[in-house]
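Engineer: missing the sequence, but the structure's below:
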Ligand code: CAA
């Protein structure tokens, strides 16, 4: 069967940054370690006044098209994943196509366009749609452009404010891809949940503590569902485990649970037994409470074992490096996690071709999805040329007062005039509203 998957990736970070330890923590009266160690985010990327989900998405897509030497005729669909949309009817993909048509010959009139919604999961669902479209033979030899773009802003004072971020990831989905091939096998964990939602409002209503529990429960269901079709998973089957990363501390929790699950009934559980005992089995406990307490005690011990820590350092830590520098990019976060791991491998000169990754996506409301990816021969070239370090280093460092202004500029309920902090160059910018309240964009040389 022809492989289908990600042929190219690019990202575009919001051009401002908020330093959580130096700038945010003192004003909040919190220990900086809460953000850098507990939550695990050093900086949040934020959009300058001329940036939004369209500019970031279009800029990431243009970088991708330029690097791959593509023209609009090469693209048969453009799907945008976002939970920051500003229009209930017109999809962001039409705005992005309009931007790209300003700078390329030809147009996207024969490309199918859409916008996917399921909180942070929808970027992965767009990959699915593209995969299925190609597998069904409906692509006429063309590739799909998937763009995950978000301004993940919370109400000022919400505990989620410490996990904000803004940026876009653009991916080209094609046959015989250069970077990773997607597995046919998938697992889902899905339930009607009220953990994080935006009922016709810009900033989310969040039950933070509950959202953590829902993430873990749905991810576990998805893993069991994946194993029901792909067979049991083992830590050595996968070189990396990129998870949706609202903040690295969340992934730390998921990783520990995941490790317990994938080492059960393996030689690793046996090898650990001398030090921390076997994993508790429910049938050996009289009540559910006793069983859960035994699990908590086992997990506390497991966290401190050499085996777990080595696995975490190799298989998880590389996936959260970029996230710790940019914050939550919602729909793009799991795709940043994959990219982060591939970049770490490239910088350490590891040969990944043929290795597998287990990718765990999650969207509040809630649904998790798990699938495998096989790294392809062209992966190194596909990630080495990216200007991620330069983009992150070039961000303007906001003072707290400037951060407050930036938050207000992007607040749909407020009208404030703020000067831009950075100078746009060679990129799409937001220029204001048109006669029907549509947003308008132009390319700045
Ligand atoms: N040094 C080291 N660690 C510290 C510390 C210090 N000085 N002070 C606190 N910490 C640790 C805490 O122990 C805690 O770690 P554990 O959870 O492992 O115990 C961590 O830092 C965070 O501290 P708090 O729990 O006190 O933080 P909080 O209550 O202010 O906020 C939050 C945490 C609830 C996650 C909040 O950021 C939030 O609501 N975020 C938005 C919701 C979210 O991201 N949920 C994740 C799942 S939902 C999802 O994934 C979808 C999505 O993208 C939104």
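Structural biologist: Nice, thanks for sending it over. Everything quoted here is computed from the prediction, not taken from an experiment.

Engineer: and the residue most central in space within the chain, what does it touch?
Structural biologist: What sits nearest the mean C-alpha location of the chain, by Cα atoms, centre = their mean, is residue 333, with 1.3 Å. Listed by Cβ atoms under 8 Å, 6 or more residues apart in numbering, the contact partners of residue 333 are 120, 244-246, 323. No exception for glycine: its C-beta is placed from N, CA and C like everyone else's.

Engineer: farthest pair within the residues you listed?
Structural biologist: Checking the contacts of residue 333 against each other with Cβ to Cβ, the farthest-apart pair comes out as 120 and 323, at 12.2 Å.

Engineer: mind checking the SS state of the residue of the chain most remote from its centre?
Structural biologist: Distance from the C-alpha centroid of the chain peaks at residue 286, with 40.8 Å (Cα atoms, centre = their mean). Look at residue 286: counting by DSSP: H, G, I helix; E, B strand; the rest coil, its state is coil.

Engineer: roughly how far apart are it and residue 300?
Structural biologist: Residue 286 is 22 Å from residue 300, where distance means Cβ to Cβ, to the nearest Å.

Engineer: for residue 63, same thing?
Structural biologist: 45 Å.

Engineer: which of those two has more neighbours?
Structural biologist: A side-by-side neighbour count of residue 63 and residue 300, using other Cβ atoms under 10 Å, places residue 63 first with 22 against 11.

Engineer: name the nearest residue to the more buried one, ignoring sequence neighbours.
Structural biologist: residue 10 (4.3 Å; Cβ to Cβ, 6 or more residues apart in numbering).

Engineer: ok and the residue in the stretch 51-200 of the chain nearest the ligand?
Structural biologist: residue 160 (3.3 Å; Cβ to the nearest ligand atom).

Engineer: that residue: what's it in contact with?
Structural biologist: Taking Cβ under 8 Å, 6+ apart, we find residue 160 in contact with 154, 204, 206, 208.

Engineer: highest neighbour count among the residues you listed?
Structural biologist: Using other Cβ under 10 Å as the neighbour test, these are led by residue 204, with 21 neighbours.

Engineer: get me the contact residues on the protein for the ligand.
Structural biologist: Residues of the chain that fall close to the ligand, judged by Cβ under 6 Å from any ligand atom: 31, 33-34, 37-39, 120, 159-160, 162-163, 196, 206, 208-209, 211-212, 215, 244, 246-247, 249-250, 328, 330, 362, 364.

Engineer: so what's residue 174 bridging to?
Structural biologist: Beta-bridge partners recorded for residue 174 (DSSP bridges): residue 5.

Engineer: can you give me the pLDDT of it?
Structural biologist: At residue 174, the predicted lDDT confidence score is 98.

Engineer: just to check, residue 384 is in contact with residue 349?
Structural biologist: No: if you go by Cβ atoms under 8 Å, residue 384 and residue 349 don't touch, sitting 10.8 Å apart.

Engineer: between those two, which has more neighbouring residues?
Structural biologist: residue 384 (11 against 7).

Engineer: contacts only, for the more buried one.
Structural biologist: By Cβ under 8 Å, 6+ apart, the neighbours of residue 384 are residue 346.

Engineer: please report the distance of it from the ligand.
Structural biologist: 29 Å (Cβ to the nearest ligand atom, to the nearest Å).

Engineer: ok, residue 271 next?
Structural biologist: Residue 271 sits 26 Å away from the ligand, going by Cβ to the nearest ligand atom.

Engineer: equivalent analysis for residue 411, please.
Structural biologist: Taking Cβ to the nearest ligand atom, one finds residue 411 at 18 Å from the ligand.

Engineer: okay, strands next: where are they in the stretch 201-350 of the chain?
Structural biologist: Along the stretch 201-350 of the chain, the stretches classed as strands by DSSP state E, counting those that start in this stretch are 205-206.
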